[in-house]
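Student: Please work out how this folds:
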Amino acid sequence: MSSIICGNCGQTHVSVYAVRSCHSLGRSGSSIAQESSYQPAPMPKFRKSAVPLVVGIYSVGDKVFKVYPALNGGHLLAKELELQGLAKKPTWVYRGAATRFVQAEQLMTLDKAKEFGKITGVCAMCGRTLTDETSIAAGIGPVCANRVSF
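Tutor: Coordinates of the predicted model:
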């Protein structure tokens, strides 16, 4: 473990926390006995897939996930589509890192997305309720259909 030389007492401390404590206590020339050795929490380990994930809609059993990039870049996040009956509007619920929920092989094809829309009455691309007869028959909303050149 690395040590940090304190500007207050000139001795070494094992953590930034201990150096700050030394400065706040105003001790000069004396060391802090039994310093707290701060250890950051270990990073969670996620499943690694041989094929990297891409932005899109994923089908995992009877669940549907939307994978999208984080605003700060680099990471992919996932939202799960919750269908709470016909009376309530379907919603996307944030779940966290996409690698915890989906694998690249579970990416929904356009045909599967259309089939999902026909069965549930919900557009698999955006999660909106399909209301138009042609949209319900197609299984995808008109806006999403234009996006994927349907």
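
Student: how about the closest residue to Gly121 other than its chain neighbours, phi and psi?
Tutor: With Cβ to Cβ, 6 or more residues apart in numbering as the criterion, Gly121 has its nearest non-adjacent residue at 5.2 Å, and that residue is Leu130. Where C-beta positions appear, they are placed from N, C-alpha and C, glycine not excepted. Backbone torsions of Leu130, given as degrees, to the nearest 10, read phi -80, psi 120.

Student: Any idea how far stretch 118-132 is from the middle of the chain?
Tutor: For stretch 118-132, the separation from the chain centroid amounts to 24 Å (computed by Cα atoms, centre = their mean, to the nearest Å).

Student: If we go by neighbour counts, what in it is buried?
Tutor: For stretch 118-132, the buried set under the neighbour-count rule, 16 or more other Cβ atoms under 10 Å, comprises Thr120, Gly121, Val122, Cys123, Ala124, Met125, Cys126, Gly127, Thr129, Leu130.

Student: what sits against the residue nearest to Gly121?
Tutor: Gly117, Gly121, Val122, Cys123, Ile136, Gly139, Ile140, Gly141 (Cβ atoms under 8 Å, 6 or more residues apart in numbering).

Student: Could you save the buried residues of stretch 118-132 as JSON lines and add columns showing pLDDT?
Tutor: Shown next, in JSON lines, are these (pLDDT from 0 to 100):
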{"residue": "Thr120", "pLDDT": "79"}
{"residue": "Gly121", "pLDDT": "81"}
{"residue": "Val122", "pLDDT": "80"}
{"residue": "Cys123", "pLDDT": "80"}
{"residue": "Ala124", "pLDDT": "73"}
{"residue": "Met125", "pLDDT": "74"}
{"residue": "Cys126", "pLDDT": "75"}
{"residue": "Gly127", "pLDDT": "73"}
{"residue": "Thr129", "pLDDT": "81"}
{"residue": "Leu130", "pLDDT": "85"}
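
Student: quick one: which of those is nearest Val64?
Tutor: When those are ranked by distance to Val64 (Cβ to Cβ), Ala124 comes first, at 6.3 Å.

Student: element containing Gly96, please.
Tutor: Element membership of Gly96, judged by DSSP states H and E, is strand 91-97.

Student: So what's the residue count around Ala70?
Tutor: 11 (other Cβ atoms under 10 Å).
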